[in-house]
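Chemist: what follows is a predicted protein model with its sequence.
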Amino acid sequence: MFKKLLTSILLIMSLTISSQVSTDNSIHQFKVADISGNIFDFSELKGKKVMIVNTASKCGLTYQYESLQKLYSQYKDLNFVIIGFPSNDFLWQEPGSNDQIMDFCEQNYGVTFPMMSKIKVKGSKKHPIYQFLTEKSKNEFKDSKVTWNFQKYLINKAGKIEKIIAPKTRPDSEEIVSWITNGD
């Protein structure tokens, strides 16, 4: 009887502790596969401002890779990082494999910012990181939809969403540069 009671108490305690531990409402809770298949741990971005952007190689907005790379090169030493997530969700504008995408990015735009493996950013098979980015119940910011390639999510140093930037807004816009250079 005592063993059964003790087991029940320990089970309740462990569930309580694990539920407290797993309530991270920041981007830092995620580990994803990068474009080379290695694990990229978002907890390593604590204390950095982050721009997450869904990308595509055959889109009318693909030219934004150039501005993204310039922005990254200019501000990476100010605790700023860009994370690209290739996606084929909009008119099949990212049909290539991860290797093809990386080759395209390097050869055409000299991309050095972290690129992740190709994922779904909408629909029923939406990747968990995009579930977080688009669902207020998970991000505590707001519900949103990824409307097209090159939508930008600006994440503060604590891992919380601060702004959602429309796809057509250039990465080097005053709004984004001001957000990066603001000391917060």
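Modeler: Done, it's in. This one's a predicted model, so the numbers in the text were calculated from it and none came from an experiment. Numbering: from 1, shown residues only.

Chemist: low-confidence ranges in the protein?
Modeler: Within the chain, the stretches with pLDDT under 70 are 1-23, 184.

Chemist: doesn't K157 make contact with G47?
Modeler: Yes - contact between G47 and K157 holds when scored by Cβ atoms under 8 Å: they sit 5.2 Å apart. For the C-beta atoms, the positions are set from N, CA and C on the backbone; glycine is no exception.

Chemist: can you list residues touching both of those two?
Modeler: N79 (Cβ atoms under 8 Å, 6 or more residues apart in numbering).

Chemist: these two: which is more packed in?
Modeler: Taking neighbours as other Cβ atoms under 10 Å, G47 and K157 compare with K157 leading, 15 against 10.

Chemist: pretty sure that one contacts K49?
Modeler: Yes - contact criterion Cβ under 8 Å: K157 and K49 qualify, at 6.0 Å.

Chemist: so what sits against both of these two?
Modeler: Jointly contacting K157 and K49 under the rule Cβ under 8 Å, 6+ apart are N79.

Chemist: tell me what D34 is bridged to.
Modeler: Beta bridges link D34 to M116, judged by DSSP bridges.

Chemist: give the buried residues for the helix or strand harbouring F40.
Modeler: Of the helices and strands defined by DSSP states H and E, F40 is found in strand 39-41. Residues of strand 39-41 classed as buried by neighbour count (16 or more other Cβ atoms under 10 Å): F40.
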